[in-house]
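> how does the following fold in three dimensions:
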Amino acid sequence: MNLWLLAQVEPVWLAAIKGAELGFRVAIIEKGIIGGTCVNIGCIPSKTLIKMAKTKCIFEKQPFSAITAKSISFSWPKVLQQKDNLVNKLRKSKYKEVITSNENIILLRGTANFIDKQTIAVAGRKITAENALTNSNKVLDLTVLPQVIFTEPQVATIGVTE
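Residues are numbered from 1 along each chain as shown. Sure, this is the predicted structure:
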C-alpha cells in the first residue's frame, strides 16, 4: 500500500479522507495545533466574530419603531469564549475523530525535512512515501488557488489577477 504525505492545510483533510477511502495510507504532518487554517484562525473564527458583530449592529440600528428592546448586553470576553468553544468543538469532531476512526490516516507531529524525492524525516523518523501527483500526469497548478477575505460582505478571488 502506498503512503501519501500531506502538509497541514484545510483541503489536506479532505484529501486524507479520500485517500484513505481509496485504500491508501495517509500521513498528515503537523507541528502546531491540529485543525488547519479554516478552523483555527480562518473561516470559523472570522465568520463567528463577524456574525456576532452583525447581529449586535442589526439589533442596535434596526429602523422599525414597532420593535423595541429595553437593553442590549455585549461582553467581548463572552464573545471570544463562544468563538473558542466552537473552534475547540470542531477540532475534536472534525479532525481528531477522523484520525482515531481511520487506521489508514496517521498524524505525525513535527516538521518534515526532505531527504530525497520520496523520503522525509519527521521527529527523528525516516518515512518513504509516494507523492500524490507521482505517475498521474498531473501538475500542481497554483494559478487557480482560491483566496477569500472575511469581511461583510465577503470578497473572494480565484486564479491569477493583476
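
> how about the helices in this protein?
Under the criterion DSSP state H, helices of the chain are mapped to 10-21, 36-40, 43-61, 76-90, 97-101.

> CA atoms only: put stretch 72-88 into CSV for me.
C-alpha atoms of stretch 72-88 as CSV (Å, rounded to 0.1, in the frame of the first residue of the first chain):
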residue,chain,number,x,y,z
ILE,A,72,-28.7,45.0,24.8
SER,A,73,-25.8,43.4,26.7
PHE,A,74,-22.5,42.8,24.9
SER,A,75,-19.5,41.1,26.5
TRP,A,76,-16.3,40.9,24.5
PRO,A,77,-14.8,38.1,26.8
LYS,A,78,-18.0,36.1,26.3
VAL,A,79,-17.8,36.6,22.5
LEU,A,80,-14.3,35.3,22.5
GLN,A,81,-15.2,32.4,24.8
GLN,A,82,-18.0,31.3,22.5
LYS,A,83,-15.8,31.5,19.4
ASP,A,84,-13.1,29.5,21.2
ASN,A,85,-15.6,26.9,22.3
LEU,A,86,-16.8,26.4,18.7
VAL,A,87,-13.2,26.1,17.5
ASN,A,88,-12.3,23.5,20.1
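
> got the buried residues for stretch 143-160?
Within stretch 143-160, no residue counts as buried by 16 or more other C-beta atoms under 10 Å. To be clear about C-beta, it is placed using only N, CA and C from the backbone, and glycine gets the same treatment.

> just the endpoints, please. Distance across that stretch?
Chord length of stretch 143-160, first to last residue, is 5 Å (C-alpha to C-alpha, to the nearest Å).

> contacts for it, please.
By C-beta atoms under 8 Å, 6 or more residues apart in numbering, the list of residues contacting stretch 143-160 from outside reads Gly42, Cys43, Ser46, Lys47, Ile50, Lys54.

> same check on stretch 90-102?
Outside stretch 90-102, the residues that touch it by C-beta under 8 Å, 6+ apart are 13, 16-17, 20, 28, 33-36, 39-40, 44, 105-107.

> what's the most distant pair in those?
Spanning the widest gap among these are Ile44 and Ile106, at 24.6 Å by C-beta to C-beta.

> pLDDT weak spots in the protein?
The chain contains residues with pLDDT under 70 at 1-11, 70, 130-140, 161-162.

> same thing but 50
1-9 (pLDDT under 50).

> pick the most buried one from the helices of the chain.
helix 36-40 (a mean of 19; mean count of other C-beta atoms under 10 Å).
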